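> Here is a sequence with its predicted model. Questions after.
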Amino acid sequence: MKSLKHIRIRTLIAGTALLLTGFQASAAGYKLADKAGASIAEFRDEIVDVKKEVDATLASVDKIVAQATVDPRKAFKEFEKNVPRIDSAAAKARKRATEMKEKGKTYFDKWEKELAAVNDPDIRKLAEERKATLQAAFAKIRSSMEPARDKFNTWLTDLKDLQKYLSNDLTIAGIDAAKDLIAKNKSEGLAVQQNLDSVIAELNTVVATIMPAKEKK
């Protein structure tokens, strides 16, 4: 009887240890999901900041044109301040994008290891489907980021050329001569805004998918 009792105690201890190990692995998974989701949310906020700077810059160019016959100096100074702000916001977004990719990779690598330890075929299938869904969402972010990045870089290069031109000829005639260049730059800027909106929408989707719902206060 004493031997049987010891066996039951050891079995109970072993079972408890197994449950605790599983709980710790699950908790670690949630923490990785939270970190990955938080990084994506921060990246989204950085992209929103870039879009705000694009909006402000396009508005300042419109002011230069509107005030060309009065005094465009104040509007041009505002425009000059906006250009480096865009550079700064874009640099922060690029840094955050790198962090997001690293944390996303860690998250999926951890998920892959935990899947290898799952024996139930139904649970494994469900987990693999969820993983595939999230990976597809990450892929959509990359596919929406590439055209946004390319259009942004082209627009920013043209914007800096416009800044150099106006800094040397901020006259009525000079601004009028640049009207086609200004119109082209504005069109590029609007396209950049649309691309950034697409990126933000994809990021919002992934954040909502990857992070557990929080209790409302």
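Structure received.

> For the rest of this, base every contact and every neighbour count on C-alpha atoms.
OK.

> ok, and for stretch 136-156, which residues are buried?
137-138, 140-142, 144-145, 148-149, 151-152, 155-156 (16 or more other Cα atoms under 10 Å).

> so of the residues you listed, which ones are in helices?
Counting by DSSP state H, the buried residues of stretch 136-156 place 137-138, 140-142, 144-145, 148-149, 151-152, 155-156 in helices.

> Take the residues you listed and write them to TSV, including pLDDT and distance to Ser88.
What follows is these, written out as TSV (pLDDT from 0 to 100; distance: Cα to Cα, whole Å):
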residue	pLDDT	distance to Ser88
Ala137	76	27
Phe138	76	25
Lys140	77	25
Ile141	77	22
Arg142	76	21
Ser144	77	21
Met145	80	18
Ala148	83	17
Arg149	84	15
Lys151	87	17
Phe152	89	13
Trp155	92	15
Leu156	91	12
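
> Of those, just say which sits nearest to Asp180.
Trp155 (14.5 Å; Cα to Cα).

> Leaving out chain neighbours, which residue sits closest to that closest one?
Glu188 (5.7 Å; Cα to Cα, 6 or more residues apart in numbering).

> For the helix or strand hosting that neighbour, what does the pLDDT average out to?
Glu188 is located in helix 179-210, with elements delineated by DSSP states H and E. Across helix 179-210, the average pLDDT comes to 88.

> Any figure for the gap between Glu129 and Asp120?
14 Å (Cα to Cα, to the nearest Å).

> cool, Lys151 as well?
Relative to Asp120, Lys151 is positioned 47 Å away (Cα to Cα).
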